[in-house]
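J.: Give the three-dimensional model of this entry:
(2 chains)
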Amino acid sequence: MTIKIYNTLTRKRERFETLEPNKVSMYVCGPTVYDKAHVGHAMSVLVFDIIRRYLEYRGYEVRHVMNYTDVDDKIIQRANIEEVDPYELAERYIKEFREHLDDLNILPATVYPRATEEIDHIIEMVQGLIEKGNAYESEGDVYFFVSSDDDYGKLSGRKLEDAQSGYRIDVDDRKETPMDFALWKASKPGEPAWESPWGLGRPGWHIECSAMSYHHLGEQIDIHGGGNDLVFPHHENEIAQTESLTGKPFARYWVHNGMMQLRGAAMSKSTGNLVTIEEFIAEHEADVLRMMVLNSSYRSPLKFSDETVGHAKRALDRLRSALRPASPGAAGEMPESLAAQITATRQGFSESMDDDFNTAGSLGHLFDLVRAVNQARDHGAAPEILAQAQSLILEFTGVLGLEMERARVDGWSGPGEAAPFVDLLIEVRAELRRQKLWALTDQIRDRLAEHGVIIEDGKEGTTWRWK
RNA sequence: GGCGACGUGGCCAAGUGGCAAGGCAGAGGUCUGCAAAACCUUUAUCAUGGGUUCGAAUCCCAUCGUCGCCUCCA
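T.: Below you'll find the model as predicted:
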């Protein structure tokens, strides 16, 4: 089976064929670091983390680059308001973002380039574009000459003629045509600036990604990703720059995730319609957010609300229910139904994932296995029998990046520390049950629940677990 | 106005030509001292109207609606 990926460039699902066998180069656009990141950014990062994990599971060696845009108008503006150095401001939010990546269980990218550390490469690229006649200097600025690029607009399906001059696009005397975009901006006094052949200035937004991708991954890459709000103009312009310079197709597959929606609109820093990652993590496990992403299609909008968060949380609990131990003393054999389901899930999981990373479909197969495991447990299957299915569940949830660990309870460093005491209480309670002292029995159950310990009385005895 | 994506049960959601996955919630049941969990049973003709086809949620056209982009945005 081959993997199929939806390519924004062709608007089709295509067979995934890499430039080099068994190797994938993937560039994903990271955040502009001028403010706290929100769960929409987290969604994007999660989507590409899941894609990367699956590609690695399928045997590819993935070279993964995610950039930080650490110099631009917003950062400078914000830094002026806060009266701090723009570099420091960016540094602060990069540090914070890295902590979020860690909290969210994101595999570290191979490289995290920053625009300010790649100025030489950026200047080199701009110069190359000028030499090739695709860009021109004007009063210390350098612009990309859009008309010099025959197939400009191919990613977003836009035609140059459609863009009405002066309509929502500033008519700027320094530009030859209104659609031209800045590769290099002359700096104003007090702004961060670097020496260049065109005087002091700083890079435009789009060129940094082209330059960093070129530098770290080469002329051509396999996957270029980001949110679908980047399709135009950002990615369109990246294609124009890189392909004009190299004369070769830039990325083989353009992959875009849908937007996370809050109250019916996309989350957005500029409108303040957002929930920060910090806020989310303070209240929920990281797996909950990942589950939200997994249970939907990465290309579709994802609704964020108390209700959808709650759904994900319960779905996670359900997944975990399969990992509970066998009934005390159980010694039953492998039921036919479980054996069959293990095979079916193993196959179905990969088939779904191969189909444009259909994580919701894969979860469906996983839930089928959850039911079969719970069934087998109810019918008294032995621990080592359940373990066969449970290890498969852990294998696949691992591929999806779910940690599956139970939430830690405050005051205990781990379940092991409290275990002897809980066992003792259960022992005492068993005696109380024999004497039918129900009030005391229930009191122990209730009080333990307050401390996060769930007691369940089964046929073969009482089991307990952390909430 | 232009470009694009989408519209599946109470909610979330998979499914791109052949009897409509899965999760949550609801109802009934098994188990239990009660409970919880788990298990069993149960809930849809796929926005609307046309068309293509032996056959369509799946292809085509139109209409309505939602969202994104066209300006910085994952």
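J.: where does chain A dip in pLDDT?
T.: Scanning chain A for pLDDT under 70 picks out the ranges A:1, A:161-173, A:405-416.
J.: how does it look with 50?
T.: Scanning chain A with the threshold set as pLDDT under 50 gives A:164-169, A:407-413.
J.: Do you have the helices of it handy? List them.
T.: A:39-57, A:73-82, A:86-103, A:119-131, A:205-217, A:236-246, A:277-283, A:286-294, A:306-321, A:336-354, A:359-378, A:383-400, A:415-434, A:438-450 (DSSP state H).
J.: Pull up the gap between the closest residue to RNA strand B within the stretch 1-150 of chain A and A:L183, please.
T.: In the stretch 1-150 of chain A, the residue that lies nearest RNA strand B is A:G40 (2.4 Å; C-beta to the nearest atom of the strand). Quick note: C-beta positions are derived from backbone N, CA and C, even for glycine. Going from A:G40 to A:L183 by C-beta to C-beta, to the nearest Å gives 28 Å.
J.: With A:K175 instead?
T.: Counting by C-beta to C-beta, the gap from A:K175 to A:L183 is 12 Å.
J.: For the two, work out which one has more neighbours and name it.
T.: A:L183 (32 against 20; other C-beta atoms under 10 Å).
J.: Surely that one and A:L129 touch.
T.: Yes. Shown here, A:L183 and A:L129 form a contact pair, counting by C-beta atoms under 8 Å, at 6.7 Å.
J.: Between these two, which contacts overlap?
T.: A:A135, A:F144, A:Q241 (C-beta atoms under 8 Å, 6 or more residues apart in numbering).
J.: interface residues of the stretch 351-467 of chain A facing RNA strand B?
T.: A:352, A:355-356, A:358, A:360-361, A:363-364, A:367-368, A:370-371, A:374-375, A:377-378, A:433, A:438, A:441-442, A:445, A:454-459 (C-beta under 7 Å from any atom of the strand).
J.: can you rerun that using 6 Å?
T.: Contacts of the stretch 351-467 of chain A with RNA strand B, taken as C-beta under 6 Å from any atom of the strand, map to A:355, A:358, A:360-361, A:363-364, A:367-368, A:371, A:374-375, A:378, A:433, A:438, A:441-442, A:456-459.
J.: re earlier: between the shared contacts of A:L183 and A:L129, which is closest to A:R11?
T.: Of all the shared contacts of A:L183 and A:L129, A:R11 sits closest to A:Q241, with 22.5 Å by C-beta to C-beta.
J.: show me the contacts for that closest one.
T.: Contacts of A:Q241 (C-beta under 8 Å, 6+ apart): A:M125, A:L129, A:N134, A:F144, A:L183, A:H206, A:I207, A:S210.
J.: and which of these is nearest A:G348?
T.: A:S210 (39.9 Å).
J.: can you pull the contacts of that closest one?
T.: Contacts of A:S210 (C-beta under 8 Å, 6+ apart): A:M125, A:E238, A:Q241, A:T242, A:L245.
J.: Pull the contacting residues for the closest residue to RNA strand B within the stretch 151-300 of chain A.
T.: Closest contact between the stretch 151-300 of chain A and RNA strand B, by C-beta to the nearest atom of the strand, is at A:G227 (2.3 Å). Contacts of A:G227 were listed using C-beta under 8 Å, 6+ apart, and they are A:C29, A:G40, A:S44, A:H256, A:N257, A:M259.
J.: Disregarding residues adjacent in the polypeptide, which is nearest to the first one?
T.: Closest residue in space to A:C29, ignoring its immediate chain neighbours: A:G226 at 3.7 Å, by C-beta to C-beta, 6 or more residues apart in numbering.
J.: try the fourth one
T.: When the adjacent residues along the chain are set aside, A:H256 lies closest to A:N228, with 3.9 Å between them (C-beta to C-beta, 6+ apart).
J.: Which one of the residues in the stretch 301-450 of chain A is closest to RNA strand B?
T.: Closest to RNA strand B within the stretch 301-450 of chain A is A:G364: 2.5 Å, counting by C-beta to the nearest atom of the strand.
J.: burial count for that residue?
T.: Here the count is done by other C-beta under 10 Å, and A:G364 has 15 residues near it.
J.: again, but for A:E14
T.: A:E14 has 16 nearby residues by other C-beta under 10 Å.
J.: that older thread, anything in contact with each of A:K175 and A:L183?
T.: With C-beta under 8 Å, 6+ apart as the test, A:K175 and A:L183 both reach A:Y143.
J.: Output the contacts of A:S210 as a markdown table; include the columns distance to A:G329.
T.: Shown next, in a markdown table, are the contacts of A:S210 (distance: C-beta to C-beta, whole Å):
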| residue | distance to A:G329 |
| --- | --- |
| A:M125 | 69 |
| A:E238 | 63 |
| A:Q241 | 68 |
| A:T242 | 65 |
| A:L245 | 70 |
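J.: between those residues, which is nearest A:D35?
T.: A:E238 (23.4 Å).
J.: ok, that closest one - contacts?
T.: Counted by C-beta under 8 Å, 6+ apart, A:E238 has contacts A:H206, A:C209, A:S210, A:S213, A:H224, A:F250.
J.: now those residues: which count as buried?
T.: A:H206, A:C209, A:S210, A:S213, A:H224, A:F250 (16 or more other C-beta atoms under 10 Å).
J.: bridging residues for the residue of the stretch 151-300 of chain A closest to RNA strand B?
T.: Beta-bridge partners recorded for A:G227 (DSSP bridges): A:N257.
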